[in-house]
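> return a 3D structure for these sequence lines:
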Amino acid sequence: MALPSTIYRVSIQLSNVDRGVYEALTTTAARHPSETAERLVTRLLAYALFYEPELIFTKGVSAGDEPDLWVKGADGRVLLWVEVGLPESERLLKACRHAERVVLVACGNSLPHWERQQLRKLTTAANLTVISFDQSFINRLASLVARVISWEFTLSDGVIYLTAAGESLETLLPVRIGTY
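The predicted structure follows:
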């Protein structure tokens with residue numbers, strides 16, 4: 001019998017000064033049994049970073065043909081495809097052909113190896129942005145995860161200021177390809 005996903009209640013006070021987005025967000029996030037806490041918080045960071053009212057979590061790791069987050073237009077076209085992890089370059093290039101804008105939030109222990117093997121193959125995709133977070137930031141944030149997550153998230157001049165579980169964290173938002 002397969003283990004069920006764990007459901008997290010999430011509230012984020014969002015102040016994205018760089019994009020002029022200020023919202024009080026509430027959502028739920030399902031964590032698949034095979035998903036690490038680090039990947040979960042990275043998905044939540046991507047949600048906060050690229051938030052717009054139509055942005056939704058997909059089935060993620062449970063559906064191989066969907067990203068982690070997306071925005072679809074009224075006609076069903078994918079306007080924003082947000083992938084989290086270290087996918088093969090072919091998957092991202094295919095997404096670039098079918099979506100208006102594609103973002104990879106690269107994360108995982110193999111990130112340096114992935115960058116050496118895959119990143120150069122992606123430089124021709126004009127509608128692709130690749131970003132990553134400092135791994136120690138992700139690890140610390142993952143250590144603070146509880147079933148009820150409450151964050152204060154501020155992005156200003158490419159720096160993320162995040163308060164979680166009474167702890168203040170800060171990190172730069174490095175962009176590898178494209179523009180944020």
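> what bits of the protein have low per-residue confidence?
Scanning the chain for pLDDT under 70 picks out the ranges 1, 60-63, 180.
> name the residue closest to the centre of it, please.
Ala46 (2.7 Å; Cα atoms, centre = their mean).
> so which strand or helix has that residue?
Following DSSP states H and E, one finds Ala46 within helix 37-49.
> tell me which residues in that helix are buried?
38-49 (16 or more other Cβ atoms under 10 Å). For the C-beta atoms, the positions are set from N, CA and C on the backbone; glycine is no exception.
> and the gap between Pro174 and Ile160?
Distance from Pro174 to Ile160, counting by Cβ to Cβ, to the nearest Å: 11 Å.
> how about Ala46?
For Ala46, the distance to Ile160 (Cβ to Cβ) stands at 12 Å.
> again with Ser15
Ser15 is 11 Å from Ile160, by Cβ to Cβ.
> report the set of residues contacting both of these two.
Common neighbours of Ser15 and Ile160 (criterion: Cβ atoms under 8 Å, 6 or more residues apart in numbering): 153-154.
> out of those two, which sits in the more crowded spot?
Each of Ser15 and Ile160 has its neighbours counted (other Cβ atoms under 10 Å); Ile160 has more, 20 against 17.
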